[in-house]
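A.B. asks: Sequence first, predicted model second:
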Protein chains: 2
Amino acid sequence: MTVYSVHFLPDDVIIEVESGTNLLQAAMSAGVHINASCGGEGVCGKCRVIIEEGEIESSRSSLLSEEDYQAGYRQACESLVQSDVTVRVPVESQLEPRALNRPRPGQNAARMAKEIGVEQLLKAGIFNPPFVKKLVKVKPPTHGDNISDLSRIINSLRIQHDVHNISVDFTVIKALPSVVRDGDFETTVTLAYRPSFVSEPESARVKLTYIQAGDHSDTNYALAVDVGTTTIFGQLLDLNTGQVMDTYGDFNRQISYGEDVITRINYSGKPGGLKKMQELVVLTINSIIEVICKRQKIDSNEISVVTIAGNTTMTQLLLEVDPKYIRLAPYVPTANFFPPVPASNLGLVLGEHVPVHAFPSVASYVGGDIVSGIIASGMYEDDELTLYIDLGTNGEIVVGNKDWMACAACSAGPAFEGGGIKFGMRAISGAIEDFSINPKTLEPMILTIDMKRPKGICGSGLINTIAGLFEMGVLEANGKYNRALETDRLRQGIDGFEYVLSWADENQTGQDIVLTEVDIDNFIRAKGAMYAGYLTLLEAVGLTITDLDRVIIAGGFGRYINLEKAIMTGLLPEMDLNKFTFIGNGSLLGAKLNSLSNHMRQAVKNVVNQITNFELSEVPNFMEQYVAAQFLPHTSQDDFPRVMARVSETRNLLET
Amino acid sequence: MTVYSVHFLPDDVIIEVESGTNLLQAAMSAGVHINASCGGEGVCGKCRVIIEEGEIESSRSSLLSEEDYQAGYRQACESLVQSDVTVRVPVESQLEPRALNRPRPGQNAARMAKEIGVEQLLKAGIFNPPFVKKLVKVKPPTHGDNISDLSRIINSLRIQHDVHNISVDFTVIKALPSVVRDGDFETTVTLAYRPSFVSEPESARVKLTYIQAGDHSDTNYALAVDVGTTTIFGQLLDLNTGQVMDTYGDFNRQISYGEDVITRINYSGKPGGLKKMQELVVLTINSIIEVICKRQKIDSNEISVVTIAGNTTMTQLLLEVDPKYIRLAPYVPTANFFPPVPASNLGLVLGEHVPVHAFPSVASYVGGDIVSGIIASGMYEDDELTLYIDLGTNGEIVVGNKDWMACAACSAGPAFEGGGIKFGMRAISGAIEDFSINPKTLEPMILTIDMKRPKGICGSGLINTIAGLFEMGVLEANGKYNRALETDRLRQGIDGFEYVLSWADENQTGQDIVLTEVDIDNFIRAKGAMYAGYLTLLEAVGLTITDLDRVIIAGGFGRYINLEKAIMTGLLPEMDLNKFTFIGNGSLLGAKLNSLSNHMRQAVKNVVNQITNFELSEVPNFMEQYVAAQFLPHTSQDDFPRVMARVSETRNLLET
């Protein structure tokens, strides 16, 4: 796409954006404050800017007089950049002092790890999918050569394809008599090479799992699935080429029975509850399979294997293995490794021959999704000391490199996903996702997902809002609002002191959307649990934050985090920003890689066998670290020099 | 038991019998002819003998006057030996000339191979059952030790029982959370050691297949099953001690849909037919399991494995694998080796964890029952050149030793099982099973199973009758009756010339039981097919009958065969009688051994991979051999010198 520069005046900030970028979003990215209360839907009319030079696409709304429109006024939220432009933010919208408006760190996209795909696997010589199809042509039997159908197939595999030591699934044998003859002695066999994560002897094993009449050797697919507590993503892979054919996500239908794993586990303890949970996740996956197969016009019978990565609870629920003891102290999972389970036994609308391979888990709260992410990140084979963070209700952290790894789960609580936050919501349309504040007027600039009028605030919005409020001195280090500030946006509400993000008449809720001190406390507890986790885990292996070469942030939530703002709250450690990488859905990525490479499967086993799990509650220093982290950004301000410098600079400027 | 001698006069033949032996049976065994037409039920009154010395138990029936009773007359069929006795056969019962009445070869029981059992396995160091139970006590998890339930079990198996490299069935994982706690962390696990016949890498493999709460380590059973076309035998084995606990047989309920494999295959080709056949054999096995478990007061859940041996058709029907191409030229079975199949998937009333291991087959008509018999016979590990014969509708033969083996199927037809014989019947109560004839009066002496009034003639009875008729010149070498003989027992019937074995008023059928020349033709074709098979197979490997060190006769039918009489008909080759051994139900015996010894399982794989199957119809000389065998005993009389000498001696005596 064409890239244009947008020059914001009077701040004199220039940002490069793609053609068609929304001007309000460009301003937010550039750190230029423009008052905006409606999230970007265009109904509050507060985000007026003057286009001084260049071309933008923006029609006049009723909120702009013909006269103003002719004078170059536009609503920023309704304006799309079509050339290099110079934009002046009028005084009523502008944030002073100018010095605060340093450019924000670049888009997270720039820090996204390049997703590993088949090209890398080919280059490394490890594109060896666990399921392979072979075309087998045999001679029809005669009186002089009447060996069994199966022996005929196996002999041909040996001679035509150099495949040896084959074992055979019983379903293949049942199908043999008719399939062999329906195909006029031309068949396609599916071979599974050392197909499971379960420990097996090293000797090469090949299993004949499926046989089809005729030539189907060019249609061999795998399904990689990330089974999240909230969302489930399915990805269709072509096992012949290694290409991703399609990806589709949907909400986990278990959600109606509870937002988090604990409520799901509780429900599964009721009569019929486990079965119900199992059916709901299967229903979700089936709907994903249906969409993908329809879109790609493929027969679901051509899918040879399903690889799923999920947390320990999601995995056990999918397999209908009672997760009760995951919830009860001392938090024991049933197993780390699960053998392959026939997809059809689980209720998946796939062939009887299709196995479901579930990623092994490390512990009750460090599941297959994290193992999958470790694989996707490559940290298990690098020299660099890496901290892998998966943010969520249950935040998981892994530290280590190719020589050793340690992991832990931090019970962050649901704040990052909007839980325990008065107007918290999931990251869907209308959720406030970005925020800045004019420290003089204390008026906010808010951006919502899809730029719809606000409905609430999502996890990344919460971080950005708290960071913004803290930076500008509206919020103190102890998580309390500065009572000295005079604005009707700060007030005593029924849940205590609160800041009004959006007035009732500007949003979809019909009431003022506020951020209360209780909300902020919940957030601080969550981020404090994460941060205490990093320190405790590092300390347990004799290291500190400064030893880290790299931090990898995973998770659908994680990828939308603004690094500097997250650091400002103390959710992430203060480090050189270049050391941070976003990996996106590491769980899905790892599942993909494991669908394409047996080599990777071996790595999975090694990772699980090698990694050391720490129960943070059992590590003496954890509580101390946790308490120390209950500040913005942290009690130990020395560990956040950049944040502290910035905050103090801001306060000084504001006081002048 | 006490053994007494019975001295028959005037033949002066002495035989040793167990206390309580029936006198008519003793006479038959001793080769002493006593007229007897009612099979031994005591209603014809023809078998009168005089007790000269000693004690017998015999009450007087209405067929014997008080005067005769006082004079020492008794009905032989109603008399049980209670001491050494001297018995005179009155002239009216006695067979002349005396010279013919040489003692018969001893009872078959004396030639029965001593059944190999756990003692032999222990001695050879190969009592290593494939399924073993271990008591595993684990410590309850704590916060400091909260590894998964499965890891806990596996670690304990390693430490407490030195078991390594364990893979785990998914059903075990599903049961784990509750079972582990129900047993208060004391469980019994079932381990399968390299459990199937299917080729697998040599490295030791252990699979955890079942877990029970508490200590069940002393109750671990296996079920060995011989799935015959006619009868099914189940045997319960204690896997801890290796002892046989019970054996029970029943007719295969498929019988109502046809006597032989061909009619079963045909039926299975009808809509729903395969399922029906499958259900019927399963129903039979279930009823056997029920009887045995009830009798032994054991819980069927304690059965860990089922090993079945059956012919190729029976195996495929049990597994519901379409046997269609077994029947159609060029007679192709679906597979030689079958992987383990869950018993519950087949409908067997056993635990979900229980696998069914089916013996592999060599070819469409050399099935797992023969492979099992080879194992039971030990011929696969002996130096001696052995001919293994399984007599039946499909007669199977194997020749070889530890270095090589060859096999073939002979389509003998159903004559040995009573098929195609006018009064043919299975070997059940009332079937004529033994026969001799007074060459002067041409009156028969017949013995029936259970000594009930005759209903028909079974396979062994057919051999004995034809041999007796031939020996005494009533029947010629070409299978035709000697028309010169004068007796109302020889006559023209509606199916041609026939001999009356039993008059209508003496038997249960209400009509004369006869043996027709058509019956005899059918028998000669059957025995000729077998004999031609021996010669063709031996010839194919460059050997002859005289090279044989040993002949092993297997099969429920085989064990009741009188060797000399079978040789007289040409069904068995003429050899030193000491070279013959009966093995009984070799199929069941092999299944037993394979339930007790993994070593034996390895032998099974080797046998199947090593053995060469010959399609007799494809061997040029077979038809020639078959035609040559269509005589009593054979066209080539030189191969039966003893038979010929005896026949000529008899004829000479009769002519004097």
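C.D. replies: Cool, got the structure. Just so it is clear, the structure is predicted and the values come from calculations on it, not from any experiment.

A.B. asks: Return the distance of the residue of the stretch 301-450 of chain A found nearest chain B relative to residue B:160.
C.D. replies: Going by Cβ to the nearest Cβ, chain B is nearest to residue A:335 of the stretch 301-450 of chain A, at 3.7 Å. To be clear about C-beta, it is placed using only N, CA and C from the backbone, and glycine gets the same treatment. Going from residue A:335 to residue B:160 by Cβ to Cβ, to the nearest Å gives 19 Å.

A.B. asks: Those two: which has the busier surroundings?
C.D. replies: Set residue A:335 next to residue B:160 and count neighbours by other Cβ atoms under 10 Å in any protein chain shown: residue A:335 wins out with 28 against 13.

A.B. asks: For that one, give me its contacts.
C.D. replies: Residues near residue A:335 by Cβ atoms under 8 Å, 6 or more residues apart in numbering or on different chains: A:321, B:148-151, B:168, B:173, B:176.

A.B. asks: so the spatially closest residue to it that is not a sequence neighbour is in which element?
C.D. replies: With sequence-adjacent residues excluded and distances taken as Cβ to Cβ, 6 or more residues apart in numbering or on different chains, residue A:335 is closest to residue B:150, at 3.7 Å. Assigned by DSSP states H and E, residue B:150 belongs to helix B:149-161.

A.B. asks: Wondering if the following helix or strand past that helix reaches chain A at all.
C.D. replies: The helix or strand immediately downstream of helix B:149-161 is strand B:166-168, counting by DSSP H and E. Yes: Strand B:166-168 reaches chain A (Cβ under 8 Å from any Cβ of the partner chain) through B:167-168.

A.B. asks: Quick check: can you name the pairing partners of strand B:166-168 and their directions?
C.D. replies: strand B:206-213 (parallel) (DSSP bridges).

A.B. asks: and the partner strand with helix B:149-161, angle?
C.D. replies: Strand B:206-213 runs at 100 degrees relative to helix B:149-161, counting by axes from the mean of the first three to the mean of the last three Cα atoms, to 10 degrees.

A.B. asks: Which residue, neighbours along the chain excluded, lies closest to the residue of the stretch 501-650 of chain A found nearest chain B?
C.D. replies: Going by Cβ to the nearest Cβ, chain B is nearest to residue A:618 of the stretch 501-650 of chain A, at 5.3 Å. Distances taken as Cβ to Cβ, 6+ apart place residue B:143 nearest to residue A:618, at 5.3 Å, with adjacent residues excluded.

A.B. asks: and that neighbour, how many neighbours does it have?
C.D. replies: For residue B:143, the count of nearby residues is 11 (other Cβ under 10 Å).

A.B. asks: unless I'm mixing things up, it is touching residue A:619, no?
C.D. replies: No: with contact defined as Cβ atoms under 8 Å, residue B:143 and residue A:619 do not form a contacting pair (10.9 Å).

A.B. asks: circling back: specify the local secondary structure of the residue of the stretch 301-450 of chain A closest to chain B.
C.D. replies: Using DSSP: H, G, I helix; E, B strand; the rest coil, the structure places residue A:335 in coil.

A.B. asks: which parts of the helix holding residue B:150 are buried?
C.D. replies: For helix B:149-161, the buried set under the neighbour-count rule, 16 or more other Cβ atoms under 10 Å in any protein chain shown, comprises B:149-154, B:156-157.

A.B. asks: Which one of those is nearest to chain A?
C.D. replies: Proximity of the buried residues of helix B:149-161 to chain A was ranked by Cβ to the nearest Cβ; the top entry is residue B:150 with 3.7 Å.

A.B. asks: is it true that that closest one touches residue A:334?
C.D. replies: Yes: with contact defined as Cβ under 8 Å, residue B:150 and residue A:334 form a contacting pair (6.4 Å).

A.B. asks: intersection of neighbour lists for these two?
C.D. replies: Common contact partners of residue B:150 and residue A:334 (Cβ under 8 Å, 6+ apart): B:173, B:176.

A.B. asks: what's near enough to touch residue A:521?
C.D. replies: Contacts of residue A:521 (Cβ under 8 Å, 6+ apart): residue A:479.

A.B. asks: Model confidence score at it, please.
C.D. replies: Here, the pLDDT recorded for residue A:521 equals 96.

A.B. asks: isn't there a helix covering it?
C.D. replies: Yes: under three-state DSSP, residue A:521 falls within a helix.

A.B. asks: now the residue nearest to residue A:618: how far from residue A:614?
C.D. replies: Residue B:143 is 12 Å from residue A:614, by Cβ to Cβ.

A.B. asks: cool, residue A:114 as well?
C.D. replies: For residue A:114, the distance to residue A:614 equals 31 Å [Cβ to Cβ].

A.B. asks: Looking only at neighbour counts, state which of those two leads.
C.D. replies: Taking other Cβ under 10 Å, residue A:114 and residue A:614 do not tie; residue A:614 has more neighbours (21 against 7).

A.B. asks: Which residue is the nearest non-sequential neighbour of the more buried one?
C.D. replies: Spatially, and ignoring its direct neighbours in sequence, residue A:614 is nearest to residue A:408 (4.5 Å; Cβ to Cβ, 6+ apart).

A.B. asks: which helices and strands sit right next to the helix or strand that contains the one you found?
C.D. replies: Using DSSP H and E, residue A:408 maps to strand A:405-411. Here strand A:405-411 touches strand A:394-400, helix A:517-540, strand A:612-614, going by 3 or more Cβ pairs under 8 Å, 6 or more residues apart in numbering or on different chains; DSSP states H and E.

A.B. asks: tell me the domain ranges of chain A?
C.D. replies: Chain A breaks down into these domains under automatic domain parsing: A:3-94, A:121-213, A:221-358, A:383-413+A:532-646, A:415-523.

A.B. asks: what sits against the closest residue to chain B within the stretch 1-150 of chain A?
C.D. replies: Residue nearest to chain B within the stretch 1-150 of chain A (Cβ to the nearest Cβ): residue A:150, separated by 3.7 Å. Residues near residue A:150 by Cβ under 8 Å, 6+ apart: A:168, A:173, A:176, B:334-337.
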